[in-house]
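Trainee: I would like the atomic coordinates for the input below:
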Amino acid sequence: MIKPQTELQDNGGPALQEADDNSRHFGENGQGGALAKLTISPEALRALPADFVKRYRVLPFKLCNGILHIATAEPGNQRVIDDIRLLSGLEVEESEFASAQVAEKIAECYQVTVEQMVENLNPERAATVESKNLHDIEVMANEPTVINLVNLIISTALKERASDIHLVPFETTLQLRYRVDGLLQEKPPPPKQLHAALVSRIKIMADMNIAERFMPQDGHIQINHRGVRVDIRVGTMPTIYGESLVMRLLEKNTKLLTAVELGLDEARSALLSRLVEKPHGLFLTTGPTGSGKTTTLYAILQGIYKPELKILTIEDPVEYELPGVAQIPVRPSRNFTFATGLRSILRQDPDVVMVGEIRDSETAEIAIRAALTGHQVFSTLHTNDSTGAVTRLIDMGVEPFLISSSLEGVLAQRLVRRICPHCQMGSPVAPSLRDKLEALGARRLDGSYYVGKGCEECRGTGYRGRIGIFELLAINPELRELILQKRSNAELKNTAQKSMVTMHQDALKKASEGITSLEEILRVSSGDVLE
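Mentor: All right, here's what the predicted structure looks like:
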C-alpha cells in the first residue's frame, strides 16, 4: 500500500537570489503595500509562465505602456529582471511587498481550483480510472489524479473556512458541498465515475476498510495545512447509489474563545462565572446539534482552569485539546460509553468533570449524583430552551428532588451568522419579514437594522463568521420549588423569564446592533427562539 500524502500546501519555489542594490527600483505601492487588495491584470499574468512566477516569486500585476509591473519581496535581482524582459519582451518595474503577501497572492492567482481540475477531467480519463476499480480498488485510489483531487478538495475547504465536507452520490451525479458558517454551499462536482476512487482514497487516508462498502464506518485523518495541524473526522454511510461521506474539519491551533467573544454580554458573562466557579453542582449547555454547546463548555473549562484543580473530560470525540485537562474519548465498540467512562472517572479523584453529552438515564443519574457528592459537573443536552433541560431530565427518569438539589444553571444557545463588516449596510424591515417575526412573538421592530450587501470578502453571502445568541438560566429557590413540584415547562419558563434575558431578547439586540440580521434570526429560530 502506498503511504498517503498528509502534507497539504501550495506550490512554491526557492527564495529569490541575493539582490544587487545597484539595480533596485521601486514602484508606486512601496514596501508593505496591501498586495491582497490590488486588482491583478489577467493580461499581466499571461506575460510570464506560471512556473517562472512560482520559482522566483515574482508576480506580474499590471501591464501599462509597455512596462510590466512586478510584485516581489526581494527587488533588484538583475538576472531575474533580465529573464523577465526576455520572456515578456517588456520593460520591468518592481514594487516591494512583504514575502508572505507575495506568496499568498501568487497562490491565489495560479493555484488550481477544484472547479478547474474537475473541468480538466475528461470522461475518458474518468472512465479509465473507474475501470481499474473492477480489478484493483487500491490501485485506483492511489492514482495521482485521485490523490491530487482529494487533497485539493480538503485544502479548498480549509481556505473557505468550511467546517464539513459532504460527498453524496446520486443516480447520475456526485454532489460536493461545503458547510460554511452553518450553511451548505454546493460546489462543482467531480465526475460520478470517480466516486468509488475518491471514497476509497479518503478511506485509505483515514485507515478505514476500503473493502467494506455496505456498513457505516468512522475514521480519522491528521494533516498539516500551511503549518496548522488539522484533524479530520470521517464518516461513511451506505446509500442506494453508493457510499455517502462526510468529513468534519477541526483546526487544532484554533484559539479558544472567552464567553464575551462567544457572544455573551458583560453582565451575563459575570453571572456565568459565578455559576461555574461553585465547588460542586451540575451546569448544562443546551441546543440542537451544531449550536456550539461543546465549544462553550471548552471556553468555560479554559476559564476555570488552575493547577489546583483536576479536570477530566469524557467526549465523543475529543474535538479540541485543552492544556492541563485530561481528555478521554468514548469507545462504544469496546463498550466504553459515557456511563461506563463516567463511573471510572469518578474513581480518578477529579474536581471537575465534563461529560460530552447526557444521552440516557444512566449517564444522567451518575452525573447528577457526582454533582451531589462534591464534584463540579458540566454536560450538554438537546433541548430548545433553558428550562426544557429540567423536563428533559425528568423524562429520562431522573427524580425531581435530585435535579432540584444538583442543577445550578443552564445555558441555552444557537449560532447565527455575523453580517460581513466589509459590506454591512442599513436596511428597513420588509413588511413580510416584520409580519413573520411578529407572528412568532417578536415585538418592537422599529429602528435601524442591517444586512450584508455581499462582497468579495464574504463571497457574496453578506455574512462572515458566526456568533452565539444565549439564554442563561440561574436556578434560584423559587425555581427549585417548582422543579420539586414537577411543574410544566411553561410554568418554569414564565417564572424564569422574570430574571433572565431570553434568546428572543438577545437575538433582537444583536440584530439592532448590526451584528446579525433579522432574516438570520428567523432562519435559525424556527419559532422556538422567539416564543
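Trainee: Now for the nearest residue to Arg213 once chain neighbours are set aside, how many residues are close by?
Mentor: Counting by CB to CB, 6 or more residues apart in numbering, Arg213 lies nearest to Glu243, which is 5.8 Å off, once chain neighbours are set aside. The C-beta positions use only the backbone N, C-alpha and C, and glycine is treated the same way. Residues lying near Glu243 (other CB atoms under 10 Å) number 24.
Trainee: Also His69?
Mentor: Burial measure for His69: 21 neighbouring residues, criterion other CB under 10 Å.
Trainee: which element is the nearest residue to it once chain neighbours are set aside on?
Mentor: The spatial neighbour of His69 that comes closest, neighbours along the chain excluded (CB to CB, 6+ apart), is Lys62 at 4.0 Å. Taking DSSP states H and E as the criterion, Lys62 maps to strand 58-64.
Trainee: low-confidence ranges in this structure?
Mentor: 1-34, 111-142, 253, 440-447, 526-531 (pLDDT under 70).
Trainee: show me the biggest helix of it in terms of residues.
Mentor: For the chain, the longest helix by residue count, based on DSSP state H, is helix 144-159.
Trainee: from memory Gly409 sits against Ile475, does it?
Mentor: Yes: counting by CB atoms under 8 Å, Gly409 does reach Ile475; the two are 6.2 Å apart.
Trainee: Return the distance of the strand holding Lys62 from the chain's centre.
Mentor: With CA atoms, centre = their mean, to the nearest Å as the basis, strand 58-64 stands 35 Å off its chain's centre.
Trainee: next one: stretch 80-89
Mentor: Distance, centroid of stretch 80-89 to centroid of chain: 44 Å (CA atoms, centre = their mean).
Trainee: Spit out the contact partners of Ile40.
Mentor: Contacts for Ile40 (CB atoms under 8 Å, 6 or more residues apart in numbering) come out as Leu59, Phe61, Lys105, Cys109.
Trainee: Neighbour-wise, give me the winner out of these.
Mentor: For these, neighbours tallied by other CB under 10 Å; top is Leu59, 28 neighbours.
Trainee: List the contacts of Thr239.
Mentor: By CB under 8 Å, 6+ apart, Thr239 lies in contact with Val168, Pro169.
Trainee: if you set the cut-off to 7 Å instead, what comes out?
Mentor: Going by CB atoms under 7 Å, 6 or more residues apart in numbering, Thr239 touches Pro169.
Trainee: do the same with Ser41
Mentor: Applying CB under 7 Å, 6+ apart to Ser41 gives the contacts Phe61, Lys62, Leu63.
Trainee: repeat that with 6 Å
Mentor: Contacts for Ser41 (CB atoms under 6 Å, 6 or more residues apart in numbering) come out as Lys62, Leu63.
Trainee: since we're on Ser163, how many residues are nearby?
Mentor: If we define neighbours as other CB under 10 Å, then Ser163 has 17 of them.
Trainee: Let me know the helix or strand that the nearest residue to it once chain neighbours are set aside is in.
Mentor: Nearest residue to Ser163 in three dimensions, chain neighbours excluded: Arg179, at 5.2 Å (CB to CB, 6+ apart). Assigned by DSSP H and E, Arg179 belongs to strand 174-180.
Trainee: what's the span of stretch 321-328, first residue to last?
Mentor: 11 Å (CA to CA, to the nearest Å).
Trainee: That stretch: how far from the chain's middle?
Mentor: Relative to its chain's centre, stretch 321-328 lies at 20 Å (CA atoms, centre = their mean).
Trainee: contacts for it?
Mentor: Stretch 321-328 is contacted by residues Leu301, Tyr305, Ile311, Leu312, Thr313, Ile314, Val318 when judged by CB under 6 Å, 6+ apart.
Trainee: Just give me the closest of the residues you listed to Leu250.
Mentor: Val318 (9.5 Å; CB to CB).
Trainee: Next, the residue nearest to that closest one when sequence neighbours are not counted: secondary structure please.
Mentor: The spatial neighbour of Val318 that comes closest, neighbours along the chain excluded (CB to CB, 6+ apart), is Gln327 at 4.7 Å. Per DSSP: H, G, I helix; E, B strand; the rest coil, the secondary structure class of Gln327 is strand.
Trainee: partners of Gln327 in the sheet?
Mentor: Thr313 (DSSP bridges).
Trainee: ok so, going back, show me what the longest helix of the chain is packed up against.
Mentor: Here helix 144-159 touches helix 114-120, helix 195-205, going by 3 or more CB pairs under 6 Å, 6 or more residues apart in numbering; DSSP states H and E.
Trainee: What are the phi and psi values at the residue nearest the centre of the chain?
Mentor: Nearest residue to the geometric centre of the chain (CA atoms, centre = their mean): Ser163, 3.4 Å. Per-residue torsions, Ser163: phi -100, psi -20 (degrees, to the nearest 10).
Trainee: give me the number of residues near the residue nearest to Ser163?
Mentor: 19.
Trainee: try the one 10 residues further on
Mentor: Around Pro189 there are 19 other residues, counting by other CB under 10 Å.
Trainee: Quickly note the distance from it to Ala157.
Mentor: Note on Pro189: its distance to Ala157, by CB to CB, to the nearest Å, is 14 Å.
Trainee: Same check on Gly263?
Mentor: Gly263 is 25 Å from Ala157, by CB to CB.
Trainee: gap between the longest helix of the chain and the chain center?
Mentor: 18 Å.
Trainee: For the stretch 251-400 of the chain, which segments count as strands?
Mentor: Residue ranges of the strands in the stretch 251-400 of the chain, as given by DSSP state E, counting those that start in this stretch, are 281-286, 311-315, 326-329, 352-355, 376-381.
Trainee: among those, which is nearest Ile153?
Mentor: Ranking these by proximity to Ile153 (CB to CB) places strand 326-329 first, at 26.3 Å.
Trainee: Tell me the buried residues in the closest one?
Mentor: For strand 326-329, a neighbour-count test (16 or more other CB atoms under 10 Å) marks Gln327, Ile328 as buried.
Trainee: Can you list the strands that the helix or strand containing the residue nearest to Arg213 pairs with?
Mentor: Glu243 belongs to strand 242-251 when assigned by DSSP H and E. Pairing partners of strand 242-251, with direction, according to DSSP bridges: strand 162-169 (antiparallel), strand 228-239 (antiparallel).
Trainee: Can you tell me what sits against the first one?
Mentor: Applying CB under 6 Å, 6+ apart, the external contacts of strand 162-169 come out as 157, 175-180, 195, 241-242, 244-248.
Trainee: Can you list the strands that the strand holding Arg179 pairs with?
Mentor: By DSSP bridges, strand 174-180 pairs with strand 162-169 (antiparallel), strand 183-187 (antiparallel).
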